[in-house]
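I would like to see how this sequence folds:
(chains A and B)
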Amino acid sequence: MKLKSLVIAGVSALALSAVVAAPASAKTFKFAFQGDAQSLDPHSLNETFTLGMLGNVYEPLIAYDKNMKKVPGLATKWEAVSPTKWKFSLRKGVKFHNGNPFTADDVIFTWERMGSEGSDQKARAGLIKSITKVDDFTIIVETPVPNPTVLNEMTVMYVMDKEWAMKNGAMKSSSPKDAGRDGSYATTNANGTGPFMVQSRQPDVKTVMVRYKDHWNKNLETNIDRVEFTPIKQAATRVAALLSGQIDLVYPVPVQDWNRLNSAPGVKALAGPEARTIFLGMDQMRDELLHSSVKGKNPFKDVRVRKAFAHAIDLNAIKKAIMRGAATPAGMMWAPQIQGFNAKTNTPYKYDPAMSKKLLAEAGYGDGFTVTMDCPNNRYVNDEKICQAVASMMAKVGVKIDLLAQPKSKYFAKVLAQGGYDTSFYLLGWTPGSMDVYNVLNSLIVCQNKEKKAGAYNLGGYCNKRIDELTVIIASETDVAVRQKAIDEVAKILQDEVGYLPLHQQPLSWGVRDGVKAAQRADNVLDYRFVVMP
Amino acid sequence: MRDFARRFFASDIWWSYKSSPLVVVASIITAIIIFSSVFATYVAPYNPFDLTQFDLMDSLKPPVWMADGTSKFLLGTDDQGRDVLSTILYGSRVSLLVGFFSVIFAMIIGIVVGLVAGYSGGWVDAVLMRVADVQLSFPAILIALLVDGVARGLLPKNSHDELAVYVLIVAIALSFWVQYARTVRSSTMVERTKEYVQAAQVIGLPQPLILFRHILPNVMGPVLVIATIQLALAVITEATLSFLGVGVPPTSPSLGTLIRVGNDYLFSGEWWITVFPGVALVILVLAVNILGDWLRDALNPKLR
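Numbers count the residues shown, from 1 in each chain, chains lettered A, B, ... in the order given. Okay, here's the model as predicted:
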């Protein structure tokens, strides 16, 4: 009896595994990242991973290919009809995942939604003055000033179905803070035109996407039918999952594990330069820091204190000890890959703790002070370790750092505009989506200006009127030499005033199973369109 | 005093202690660990909690007997350049501190609940014990996580670092009190029918006095045994919470934090960051456990 039931159990288990195995022969691509997308709403958070993942579900008018060249997306062609006007011809016959047709109304709606309260794409929406519908498949996009980079910015303007949004009460974008609470329908549901559809999603656990069979582009490089994405926070666990063959691709891989991956059979490390600059920011707008022992004044308003910080941080030690040599110490807020970069302005501050102490004493902080530092612990390569190292370096010149290292969901909700810029000292990374310096300036460097939707990521409120003037020139100047001169002047002011403390450009660090092909883009986006399974 | 010493060395407990070499070794190890972590400030070569005392350029140095090791760092350094040996000593101090205080706190809650429930009986007993049953059905670590999460939500963000240790103590204590309550209750139910309790009731002593002056000393034996074993469990729970990243802040690591940090380096060859704290944790917990087991046997007349 017992034996019999065992046999039955065995047979049924076999049968079951056969049933389960059958659909698995369709190509399933499994990958892991260190965190999850914060929302399915493509306008609610301007963050590389979230936008990158949603770029497979939603589509822009103009897309990037794997070499970050602009290629037609939902627009088939575009042309400048005047310095501030672009005419777009939209792709015909495109259907959203729910079957609704894609038309010019959806594009206009998307632009309006991006500018809505709660949207994190307000700065991008602000680059466009108006969108006029000529007919269902032709639109005119007008920019307030001649703008050489607006097309680049449009690569992350993901088009949403107006009808669907109206039906589900998702007309406005909602911030990631509201996701899961009374956030809009779109934070937990998605309906784009992209080659993949969200099949199921448990935030922070698993997201499954399946191929959208009616996608307009039948010539996509990819051969995968299904994507399983699992966030794995622990780096060691992530690498172990790759080594054991459970996962086809993981990123980021800790830089210290490259040797291990390359010596293990069946897997390899994919490395490349990333255009992301990691930097520290300081609250320079408030009269008193929110989180500090100094009361009644703000030490970061004093340029000597900012200089002292700059000279106290040993970028080469961070590069050598934490990044295993795989980082490029930076003196400027934009990377060599960015249009507008000039090596002459990229000299890092000199590491000189003695000068740092002297500057602090001059500024009246000879006995040091305490400040809380906000740091993500699952966003950038070795982010928490960098913050710990900074804390230890600052301690040596007398500044005590209370480190508040949190997962990125909590971190971003605290320090970004939606959290009221609740920070005194923070670590952030930035890759300009447009790959042009103007994006860096307009997001991080210019004075905060809500109406102009500028400086939205200038969390510390650094502000210099001359930089604002120069940024206006850079925005619309088409003469490269004149534009570069303005950029260099910005760089000079920024460095003299120590508006920010740039640390380094981090490396791209992925791990893949042998035979899996993926395009490693300089913006660290994994586009499923270029994933090919063996 | 001399009299006490003579009585102690003549007692069964001493005899059973010295006749078991394992227990002697365990007690010596426990004593060494407790001593060196209490006096870590003097014993440890560096102070790993002082951010000015270590240098990033010293990071990831292997232990002294390996090729690149230096005698400056006997057990190597971690990713921030902290001496692993010093960090273990300071880390086990945090672990033991949390362990001791959470056990004492849990003991106090458990004893009070147990005495009241066992002595009163009736609906008071029923209510208290059902609460205990419900809590027993959850793993302790879940309750500790819950308490920790709630505390973090309620407390202002800036005070997290300073209060982290206290939050841990309360969280672990609240998940461990049931054992004591259960034990004390059953012993109390036996004791309350005895003549001395009845005598105390007859002469009109107030109830709290009867509970704490007369019954408590007679139910303490098993409580002490549980406390020893719970100490080991509390240290492990603390290590688990810190490993999960909800324990003490990264700048003042406990054993669990150390193991978590080192975990990132397991694949890259820097095994010493996680292995030494791990071994230290195993030895500490094992030694305390052996002592607890021995104490249980020694105090139990039926096993002799």
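
Which single residue of chain B ends up nearest chain A?
Going by Cβ to the nearest Cβ, chain A is nearest to B:Leu51 of chain B, at 3.3 Å. For the C-beta atoms, the positions are set from N, CA and C on the backbone; glycine is no exception.

what's the neighbour count on the residue lying closest to that residue once chain neighbours are set aside?
Once flanking residues are discounted, B:Leu51 sits nearest to A:Ala395: 3.3 Å by Cβ to Cβ, 6 or more residues apart in numbering or on different chains. Other residues within reach of A:Ala395 by the criterion other Cβ atoms under 10 Å in any protein chain shown amount to 19.

low pLDDT regions in the chain?
Here I'm looking at chain A. Along chain A, the parts satisfying pLDDT under 70 run over A:1-25, A:175-183.

let's do chain B instead
Applying pLDDT under 70 to chain B flags residues B:1, B:157-161, B:301-304.

That one: helices as residue ranges?
B:2-10, B:12-18, B:21-38, B:40-43, B:84-120, B:122-136, B:140-154, B:160-191, B:195-202, B:207-209, B:216-243, B:255-263, B:272-299 (DSSP state H).

list the contacts for the residue of chain B closest to chain A?
Residues counted as contacts of B:Leu51 (Cβ atoms under 8 Å, 6 or more residues apart in numbering or on different chains) are A:391-392, A:394-396, A:400-401, B:251.

again, 6 Å this time
A:391-392, A:395 (Cβ atoms under 6 Å, 6 or more residues apart in numbering or on different chains).

can you check B:Pro253 too?
Residues near B:Pro253 by Cβ under 6 Å, 6+ apart: B:Gly91.

What backbone torsions are found at it?
With angles defined as degrees, to the nearest 10, B:Pro253 shows backbone torsions of phi -70, psi 150.

residue contacts, B:Phe243?
By Cβ under 6 Å, 6+ apart, the contact set of B:Phe243 is B:256, B:259-260.

Who wins on neighbours among the residues you listed?
Scoring the contacts of B:Phe243 on neighbours with other Cβ under 10 Å, the highest-scoring entry is B:Gly256 at 30 neighbours.

Remind me which helix or strand A:Ala80 belongs to.
Counting by DSSP states H and E, the element that carries A:Ala80 is strand A:75-82.

what are the C-alpha coordinates of stretch A:130-143, in CSV please?
Once side chains and other backbone atoms are set aside, the C-alpha atoms of stretch A:130-143 remain, and they are given as CSV (Å, rounded to 0.1, in the frame of the first residue of the first chain):
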residue,chain,number,x,y,z
SER,A,130,3.0,72.9,-26.7
ILE,A,131,2.0,69.9,-28.8
THR,A,132,-0.4,70.6,-31.6
LYS,A,133,-2.3,67.9,-33.4
VAL,A,134,-2.3,68.2,-37.1
ASP,A,135,-4.1,65.0,-37.7
ASP,A,136,-4.3,61.7,-35.9
PHE,A,137,-0.8,60.7,-37.0
THR,A,138,1.0,64.1,-37.3
ILE,A,139,1.9,66.4,-34.5
ILE,A,140,3.9,69.6,-34.1
VAL,A,141,6.0,69.9,-30.9
GLU,A,142,7.1,73.4,-30.0
THR,A,143,9.9,74.2,-27.5
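
hmm, who's touching that stretch?
With Cβ under 6 Å, 6+ apart as the test, stretch A:130-143 has contacts from A:84-90, A:92, A:103-104, A:107-108, A:111, A:128-129, A:150.

what does chain B have sitting close to chain A?
Within chain B, the positions adjacent to chain A are B:51-52, B:56-57, B:59, B:79-80, B:158, B:161, B:251, B:263-264, B:266-268 by Cβ under 6 Å from any Cβ of the partner chain.

Nothing else from me, thank you.
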